[in-house]
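Novice: here is a sequence with its predicted model. Questions after.
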Amino acid sequence: MAAKILPYLLGGISVGGQYALIAIGYTMVYGILRLINFAHGDIFTVAGFIMVYAAATMPLYVTIPLVIILTILLGVLVEKVAYKPLRTAPRMSVMISAIGMSYLLQNSMWYLTGGLAKQYPTLPWISDKITVAGYTTSRVTIITPILTIVLVVALVALIQKTKIGMAMRAASRDFETAQLMGIKINNVISFTFVVGSGLAAIGSMLYFSNYATVTPTVGAMPGLKAFVAAVFGGIGSIPGAVIGGFIIGICESFIKGTGATTFSDAFTFALLIVILAVKPTGLFGENLTEKV
Amino acid sequence: MLKIENLHVSYGGIKALRGISLDVPDGKIVTLIGANGAGKSTMLRTITGLVKAESGSIQWNGKELLGMSIDRIISEGIAMSPEGRRVFADLTVVENLKIGAYLRKDKAEIEKDLNWVYDLFPRLKERSWQLAGTLSGGEQQMLAVGRALMSRPKLMMLDEPSLGLAPLVVQDIFSIIREINKQGVTVLLIEQNANMALKTADLAYVLETGNITLSGTGAELLANDKVKEAYLGKHKN
């Protein structure tokens, strides 16, 4: 029995970690801007293409940092172009801008890649096959959850213990008063996009190393699921996003294990509907009532 | 010293300030009294850079503040305790105080000032590890004042520090304001509690629908018939 469950559990934890890394970007941006950054899933996909093109000409020890850096730059650029000019606009306008940005990135990818699926490079070591308790899988399955936990612990420490972290927590509650402390709001927001996009880049490398190819829309589904994970965990909460990611990853994996593969996506979105109906603030969501 | 000249500010299409001129001399307590919507908060928010002015000038020791970024203005030695206290509810008391010193780099001095604020408000020391949102209204006001002091300001602006507080707590807050001033901080105070404010202030201005209609020492305005009638209701003869 245990031997039967183990592959699905490991697979689920691994995919869950990848969802978690993407979900953090959604939840952090929401925490500070109260905005669902719809372009986040596409930034994740762009990171995949950057790897495809970079790996064609450069060695891996260059491409990995390069993918992370370029993805971060893209995330910050998206913020500066699509969200910053709308800082005082109604929230709906920013959301529409986010949707527009998402389609812009997607279509740019179609244009630049010619719409053909590009082969994702094999990442040595992490794509290697290993055997765990008699079950053969690639090393990425084991690395993903460990790396996710390490990154999340580091991120939480950053937010709780450092000055920029304190500024982020202050700004996420009250822009104006944070500014009165001398905090440069735009820097804090940029930093949030740096962290979110950086984690999405790492998540993208882990995710795509399980797949042969990248297409412009392939990131939409993991992006959406990570978004569901963020809402499920309580949007705005980093531990919530991580736990949400793992739960969704594991559930999907077991559903696929029962043979109902086609139902696994539907399950995730059914979960979204249920959580919104039963507990809209999610598992660890902030209480929306504010003391005045 | 802070010198405001012919300041015009519009706010959401409404003219909030219509050519205000006033001085805040160094080392003094200056108060601005007026009814709700007279433009008092708008003036403080314009000084800090949160609200943009249409025209006029705000000179701080000869430097023009209008057009400066908020963090520059704060680093010039101006701090504000905003209306409604606005403490960071899910930060601890000590974090709230430390964030008040956000622009400072002198760690040892920050630590000293933290102790100074704790001396002024022993209650904050007792509660330093509590989340600010769990404090009572009076304690939150103390925290808002302490947080502003942590930037070691030369000019401290307080927006309605007595709002919604019990009379005894109001007395406390005002005695702290006098204490802060004695220690060399210039104070610009906005109040609806005109009685307390005028008793505390060296200089006072009355603001009515965007214009300054009266000015004088605190004692003069306290004795002024118009002020008595409009702002000190119960003292009317």
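Specialist: Happy to help now that I have it.
Novice: number of residues surrounding residue 148?
Specialist: Since no chain was named, I'll use chain A. 26 (other CB atoms under 10 Å in any protein chain shown). (Each C-beta comes from the backbone N, C-alpha and C, glycine too.)
Novice: um, chain B though
Specialist: When neighbours are counted by other CB under 10 Å, residue B:148 comes out with 26.
Novice: what does the one 10 residues further on give?
Specialist: A count of neighbours around residue B:158, defined by other CB under 10 Å, yields 27.
Novice: quick check: the gap between residue B:214 and residue B:19.
Specialist: 15 Å (CB to CB, to the nearest Å).
Novice: ok, residue B:107 next?
Specialist: Residue B:107 sits 44 Å away from residue B:19, going by CB to CB.
Novice: try residue B:89
Specialist: If you go by CB to CB, the gap between residue B:89 and residue B:19 works out to 38 Å.
Novice: quick one, longest helix in chain B?
Specialist: Secondary structure of chain B per DSSP state H: the longest helix is helix B:167-182.
Novice: show me what the helix or strand that that one is followed by is in contact with.
Specialist: The element immediately downstream of helix B:167-182 (helix or strand, assigned by DSSP states H and E) is strand B:186-191. Residues from elsewhere that reach strand B:186-191 (CB atoms under 8 Å, 6 or more residues apart in numbering or on different chains): B:1-2, B:24-33, B:40-41, B:43-44, B:47, B:83, B:154-162, B:177, B:180-181, B:197, B:200-201.
Novice: re earlier: check which residues of the longest helix of chain B are buried.
Specialist: B:169, B:170, B:172, B:173, B:174, B:176, B:177, B:180, B:181 (16 or more other CB atoms under 10 Å in any protein chain shown).
Novice: can you map out the helices along chain B?
Specialist: With helices called from DSSP H, chain B shows them at B:40-48, B:70-75, B:93-100, B:107-120, B:122-126, B:137-149, B:167-182, B:194-200, B:218-223, B:225-231.
Novice: where among these is average confidence lowest?
Specialist: The weakest mean pLDDT among the helices of chain B belongs to helix B:225-231, with a mean of 86.
Novice: packing partners for it?
Specialist: Under the contact criterion of 3 or more CB pairs under 8 Å, 6 or more residues apart in numbering or on different chains; DSSP states H and E, helix B:225-231 touches helix B:194-200.
Novice: gap between the helix it packs on and the chain center?
Specialist: Mean C-alpha position of helix B:194-200 versus that of the full chain (CA atoms, centre = their mean, to the nearest Å) differs by 14 Å.
Novice: quick one: list the elements packing against it.
Specialist: Partner elements for helix B:194-200 (3+ CB pairs under 8 Å, 6+ apart): strand B:29-33, helix B:167-182, strand B:186-191, helix B:218-223, helix B:225-231.
Novice: export these to CSV and tack on distance to residue A:26?
Specialist: Below are those laid out as CSV (distance: least, CB to CB, whole Å):
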stretch, distance to residue A:26
strand B:29-33, 45
helix B:167-182, 42
strand B:186-191, 41
helix B:218-223, 54
helix B:225-231, 51
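Novice: was I right about residue A:252 contacting residue A:264?
Specialist: Yes. With contact defined as CB atoms under 8 Å, residue A:252 counts as touching residue A:264 (4.4 Å).
Novice: quick one: which of the two has more around it?
Specialist: When residue A:252 and residue A:264 are compared for neighbours, residue A:252 comes out ahead with 24 against 18, by other CB under 10 Å.
Novice: gap between that one and residue B:150?
Specialist: 49 Å.
Novice: near chain B, which residues of chain A show up?
Specialist: With CB under 8 Å from any CB of the partner chain as the criterion, chain A meets chain B at residues A:163, A:166-167, A:169-170, A:173-174, A:176-177, A:179-184, A:290-292.
Novice: inside helices: which ones of those?
Specialist: In this view, the residues of chain A next to chain B that belong to helices under DSSP H are A:163, A:166, A:167, A:169, A:170, A:173, A:176, A:177, A:179, A:180.
Novice: buried members of those into ChimeraX, please.
Specialist: Here is the ChimeraX command that selects the buried residues among those (16+ other CB under 10 Å):
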select /A:166,167,169,170,173,177,179,180
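Novice: pick out the most distant pair among the ones in helices among the residues of chain A next to chain B.
Specialist: With CB to CB as the measure, no two of these lie farther apart than A:163 and A:176, at 19.6 Å.
Novice: next up, identify which helix or strand the residue lying closest to residue A:276 once chain neighbours are set aside is on.
Specialist: Leaving aside its chain neighbours, residue A:276 sits nearest to residue A:231 (7.2 Å; criterion: CB to CB, 6 or more residues apart in numbering or on different chains). Element membership of residue A:231 [criterion: DSSP H and E] is helix A:220-233.
Novice: can you pull the buried residues of that helix?
Specialist: A:220, A:222-233.
Novice: quick one on the thing from earlier: just put the buried residues of helix B:167-182 in a markdown table and tack on distance to chain A.
Specialist: Formatted as a markdown table, these follow (distance: CB to the nearest CB, whole Å):
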| residue | distance to chain A |
| --- | --- |
| B:169 | 17 |
| B:170 | 19 |
| B:172 | 21 |
| B:173 | 19 |
| B:174 | 22 |
| B:176 | 19 |
| B:177 | 18 |
| B:180 | 17 |
| B:181 | 20 |
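Novice: list just the nearest of these to residue B:124.
Specialist: residue B:176 (11.4 Å).
Novice: show the contacting residues for the closest one.
Specialist: Going by CB under 8 Å, 6+ apart, residue B:176 touches B:120, B:121, B:142, B:145.
Novice: same thing but 6 Å
Specialist: With CB atoms under 6 Å, 6 or more residues apart in numbering or on different chains as the criterion, the residues that contact residue B:176 are residue B:120.
Novice: from residue B:148, how far out is the most centrally placed residue in chain B?
Specialist: What sits nearest the mean C-alpha location of chain B, by CA atoms, centre = their mean, is residue B:158, with 1.5 Å. Distance from residue B:158 to residue B:148, counting by CB to CB: 8 Å.
Novice: which residues are common contacts for these two?
Specialist: Residues within reach of residue B:158 and of residue B:148 at once, by CB under 6 Å, 6+ apart, are residue B:81.
Novice: what's in contact with stretch A:156-176?
Specialist: A:31, A:32, A:178, A:183, A:185, A:188, B:86, B:88, B:95, B:99.
Novice: residue B:23 contacts residue B:3, correct?
Specialist: Yes. At 5.5 Å, residue B:23 counts as touching residue B:3 under the criterion of CB atoms under 6 Å.
Novice: would you mark the buried spots in stretch A:196-213?
Specialist: Of the residues in stretch A:196-213, those buried (16+ other CB under 10 Å) are A:196-210.
Novice: return the subset of those lying in strands.
Specialist: Using DSSP state E, no member of the buried residues of stretch A:196-213 sits in strands.
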